[in-house]
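Student: Fold the following and give me the result.
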Amino acid sequence: MQKLLLALLLSSASLCLAQNDAASFAAELFRYEVHTNIVYRVANNYEAKLDVYQPAGTSQPTPVVIVIHGGGWIAGTKEERTLEIAPFLQMGFAAVNVEYRLAQTSLAPAAVEDCRCALHWVFANAKKYNFDPTRVVLQGGSAGGHLVLTTGMLSPAAGFDKECWTGQENFWSQNPGTDSDPRVAAIVNWFGISDVLDELHGPNAKGYAVIWLGDQPNADELAKRLSPINYVNKNTPPIITIHGDKDALVPYEQSVRLHKALDAAGVPNQLYTVPGANHGGFSYEQNQGAWAAIREFLKKNVKGLADAAPAK
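Tutor: Here you go, the predicted model:
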């Protein structure tokens, strides 16, 4: 299974790489161990799973990126986002690719609860997989962008971590009420929703948001509690957002508002605007520019990455 997943990742990447680059990339990929479909949480009879890509033979703890897929909280799989880990592998990261409950299984806030629990799992298993808990980065796009924002910006005080059991027999006694607060080093947000309420009513209302919140009587209040824009404070992790200014699905103005709030709070941040771009679907050149900005942002805000090899 490990060899198959790495081969699939390599074959897709090789389509856009020169022969020498592909050979170099192959050598890097086969330095990784892959642990698939690890159950990190069971809720509503649903087994939430994740995959771990772990550098083999390293003696020092490695930075780790947690990738969360998009799909409007109603669709998508972790397998669809596997290629997103490639640039991080080349920067020396381990990777954790996360799935969560979609609306057809559980309405909001289930997805947020699951992703917060995935973050707890990463910290609880840092020693086992040689993760560096001081260098945890989150990456996701669209609804996945929303989920990396909530995963990285919320604290247990928000009330979404209460069932984050890690499988350790003494977890509850050591962490009553799961009041431990895992903090991430940075967030990479690709055109994520930062104001859920804005997508529930009015001109920016979207069907996926309505489906995710459902007919819950407290839907509006819940949408506010699930909106990253309402959690900005001086302790918010550094955030880089990539967003097309012609996005017809997630309003670009949401990201503008988020980064103005981050500026006001004194949080290191960057809004990388892709002129004329819609909801993803960026050109090769646009993606190259975005990844260059991401690498520079991470080098500035995550210790030990200054000399990392650039992704290609």
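Student: Assumed A277 was part of a strand.
Tutor: No - counting by DSSP: H, G, I helix; E, B strand; the rest coil, A277 falls outside a strand, being coil.
Student: Not counting residues beside it along the chain, what's closest to W121?
Tutor: With Cβ to Cβ, 6 or more residues apart in numbering as the criterion, W121 has its nearest non-adjacent residue at 4.2 Å, and that residue is Y40. Every C-beta, even on glycine, is put in place using the N, C-alpha and C of the backbone.
Student: Distance check, that neighbour against A290.
Tutor: Going from Y40 to A290 by Cβ to Cβ, to the nearest Å gives 29 Å.
Student: between these two, which one's more packed in?
Tutor: Per other Cβ atoms under 10 Å, whichever of Y40 and A290 has more neighbours is Y40, with 25 against 19.
Student: so what strands line up beside the helix or strand hosting the more buried one?
Tutor: Under the criterion of DSSP states H and E, Y40 resides in strand 32-43. When pairing is defined by DSSP bridges, strand 32-43 lines up against strand 46-55 (antiparallel).
Student: what's downstream of the partner strand, the next helix or strand?
Tutor: As the chain continues past strand 46-55, the following element, by DSSP H and E, is strand 62-68.
Student: and that next one with strand 46-55, angle?
Tutor: 150 degrees (axes from the mean of the first three to the mean of the last three Cα atoms, to 10 degrees).
Student: helices or strands up against the helix or strand that strand 62-68 is followed by?
Tutor: Counting by DSSP H and E, the next helix or strand C-terminal to strand 62-68 is helix 86-90. Judged by 3 or more Cβ pairs under 8 Å, 6 or more residues apart in numbering; DSSP states H and E, helix 86-90 is in contact with helix 19-29, helix 284-301.
Student: picking up where we left off before, what distance separates the strand holding Y40 from the centre of its chain?
Tutor: A distance of 16 Å separates the centroid of the chain from that of strand 32-43, by Cα atoms, centre = their mean, to the nearest Å.
Student: neighbouring contacts of it?
Tutor: With contact meaning Cβ atoms under 8 Å, 6 or more residues apart in numbering, strand 32-43 is reached by 1-2, 5-6, 47-56, 89, 98, 101, 106, 110, 113-114, 117-118, 121, 129, 163-165.
Student: repeat that for 7 Å
Tutor: By Cβ atoms under 7 Å, 6 or more residues apart in numbering, the list of residues contacting strand 32-43 from outside reads 1-2, 5-6, 47-56, 89, 101, 110, 114, 117-118, 121, 163.
Student: Flag every buried residue along it.
Tutor: Y32, V34, T36, Y40, R41, A43 (16 or more other Cβ atoms under 10 Å).
Student: swap in stretch 102-120?
Tutor: Neighbour counts over stretch 102-120 (16+ other Cβ under 10 Å) mark 102-103, 106-120 as buried.
Student: can you give me the helices in the stretch 201-312 of the chain?
Tutor: Remark: helices assigned in the stretch 201-312 of the chain by DSSP state H, counting those that start in this stretch are 207-213, 219-225, 252-265, 284-301.
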